[in-house]
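K.L.:
A structural model of the following input is requested.
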Amino acid sequence: MRRSAENKLRVVAVRIDPVIEQRLRVLAEATGRKQSFFLQRMIEEGLDAMEEIWLSPDTLAKVRKGDLPELLSTHSTTSDLFDLDAVDAAS
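P.N.:
Have a look, this model is predicted:
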(Lines give C-alpha, C1' and ligand atoms only; values in the text may rest on other atoms or scores of the structure.)
Protein backbone atom coordinates (compact mmCIF):
# COMPACT_ATOMS: atom_id res chain seq x y z
CA MET A 1 0.00 0.00 0.00
CA ARG A 2 1.40 3.41 -0.95
CA ARG A 3 1.37 5.93 1.83
CA SER A 4 -0.29 9.26 1.25
CA ALA A 5 -0.11 12.40 3.38
CA GLU A 6 -3.13 11.16 5.33
CA ASN A 7 -1.71 7.76 6.27
CA LYS A 8 2.00 8.57 6.51
CA LEU A 9 3.72 7.05 9.52
CA ARG A 10 4.74 9.50 12.25
CA VAL A 11 7.98 9.64 14.20
CA VAL A 12 7.78 9.52 17.99
CA ALA A 13 10.78 9.93 20.28
CA VAL A 14 10.79 7.85 23.46
CA ARG A 15 13.35 7.51 26.22
CA ILE A 16 13.82 3.94 27.42
CA ASP A 17 16.02 2.20 29.94
CA PRO A 18 19.31 1.01 28.39
CA VAL A 19 18.57 -2.59 29.38
CA ILE A 20 15.26 -2.48 27.49
CA GLU A 21 16.97 -0.96 24.45
CA GLN A 22 19.61 -3.70 24.55
CA ARG A 23 16.91 -6.40 24.71
CA LEU A 24 15.15 -4.78 21.76
CA ARG A 25 18.41 -4.64 19.80
CA VAL A 26 19.14 -8.32 20.49
CA LEU A 27 15.62 -9.26 19.37
CA ALA A 28 16.01 -7.25 16.18
CA GLU A 29 19.45 -8.65 15.38
CA ALA A 30 18.44 -12.25 16.15
CA THR A 31 15.39 -12.07 13.89
CA GLY A 32 16.75 -9.88 11.11
CA ARG A 33 13.99 -7.34 11.67
CA LYS A 34 14.29 -3.66 12.56
CA GLN A 35 13.77 -2.34 16.07
CA SER A 36 11.00 -0.13 14.71
CA PHE A 37 9.09 -3.23 13.57
CA PHE A 38 8.96 -4.57 17.12
CA LEU A 39 8.18 -1.18 18.64
CA GLN A 40 5.28 -0.73 16.21
CA ARG A 41 3.92 -4.18 17.12
CA MET A 42 4.25 -3.51 20.86
CA ILE A 43 2.41 -0.21 20.54
CA GLU A 44 -0.36 -1.64 18.39
CA GLU A 45 -0.88 -4.67 20.61
CA GLY A 46 -0.64 -2.75 23.89
CA LEU A 47 -2.66 0.34 22.99
CA ASP A 48 -6.06 -1.30 23.45
CA ALA A 49 -5.15 -2.42 26.97
CA MET A 50 -3.78 1.00 27.92
CA GLU A 51 -6.88 2.75 26.59
CA GLU A 52 -9.10 0.49 28.67
CA ILE A 53 -7.08 1.26 31.79
CA TRP A 54 -6.57 5.01 31.35
CA LEU A 55 -9.61 6.31 29.45
CA SER A 56 -13.09 6.83 30.81
CA PRO A 57 -15.75 4.59 29.26
CA ASP A 58 -17.23 7.56 27.37
CA THR A 59 -13.88 8.62 25.94
CA LEU A 60 -13.00 5.02 25.10
CA ALA A 61 -16.27 4.60 23.21
CA LYS A 62 -15.53 7.76 21.18
CA VAL A 63 -12.00 6.59 20.38
CA ARG A 64 -13.24 3.17 19.28
CA LYS A 65 -15.80 4.86 16.99
CA GLY A 66 -12.98 6.86 15.38
CA ASP A 67 -13.74 10.26 16.90
CA LEU A 68 -10.03 11.02 17.32
CA PRO A 69 -9.78 14.50 15.72
CA GLU A 70 -12.27 15.95 18.20
CA LEU A 71 -10.51 14.31 21.13
CA LEU A 72 -7.07 15.44 20.05
CA SER A 73 -8.09 19.06 19.61
CA THR A 74 -10.00 19.39 22.88
CA HIS A 75 -8.05 17.12 25.24
CA SER A 76 -4.44 17.85 24.33
CA THR A 77 -2.62 18.32 27.63
CA THR A 78 1.01 17.97 26.56
CA SER A 79 2.94 19.52 23.73
CA ASP A 80 4.54 17.45 21.06
CA LEU A 81 8.30 16.94 21.25
CA PHE A 82 8.72 18.86 18.01
CA ASP A 83 6.08 21.52 18.74
CA LEU A 84 7.99 24.72 17.95
CA ASP A 85 5.28 26.97 19.41
CA ALA A 86 5.72 25.32 22.82
CA VAL A 87 9.50 25.73 22.58
CA ASP A 88 9.14 29.40 21.65
CA ALA A 89 6.68 30.02 24.49
CA ALA A 90 9.08 28.49 26.99
CA SER A 91 11.94 30.75 25.86
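K.L.:
can you pull the contacts of D58?
P.N.:
Contacts of D58 were listed using Cβ atoms under 8 Å, 6 or more residues apart in numbering, and none were found. Quick note: C-beta positions are derived from backbone N, CA and C, even for glycine.
K.L.:
Is it within a helix or a strand, and which one?
P.N.:
helix 57-65 (DSSP states H and E).
K.L.:
Same question for Q22.
P.N.:
Short version, using DSSP H and E: Q22 is in helix 18-31.
K.L.:
Show me the contact partners of that helix.
P.N.:
In contact with helix 18-31 (Cβ under 8 Å, 6+ apart) are residues 16, 33-35, 37-39.
K.L.:
Please list only the buried members of these.
P.N.:
The neighbour-count criterion (16 or more other Cβ atoms under 10 Å) marks F38 among the contacts of helix 18-31 as buried.
K.L.:
farthest pair in the contacts of helix 18-31?
P.N.:
Using Cβ to Cβ, the contacts of helix 18-31 span at most 17.6 Å, a distance reached by I16 and R33.
K.L.:
and the helix or strand following the helix holding Q22, what other elements does it pack with?
P.N.:
Per DSSP H and E, the first helix or strand lying C-terminal to helix 18-31 is helix 35-54. The helices and strands touching helix 35-54, judged by 3 or more Cβ pairs under 8 Å, 6 or more residues apart in numbering; DSSP states H and E, are helix 18-31, helix 57-65.
K.L.:
wait, which of those is closest to G46?
P.N.:
Of the helices and strands packed on helix 35-54, nearest to G46 by Cβ to Cβ is helix 18-31, at 13.8 Å.
K.L.:
Could you give me the buried positions within the closest one?
P.N.:
So for helix 18-31, counting by 16+ other Cβ under 10 Å, buried means 24, 28.
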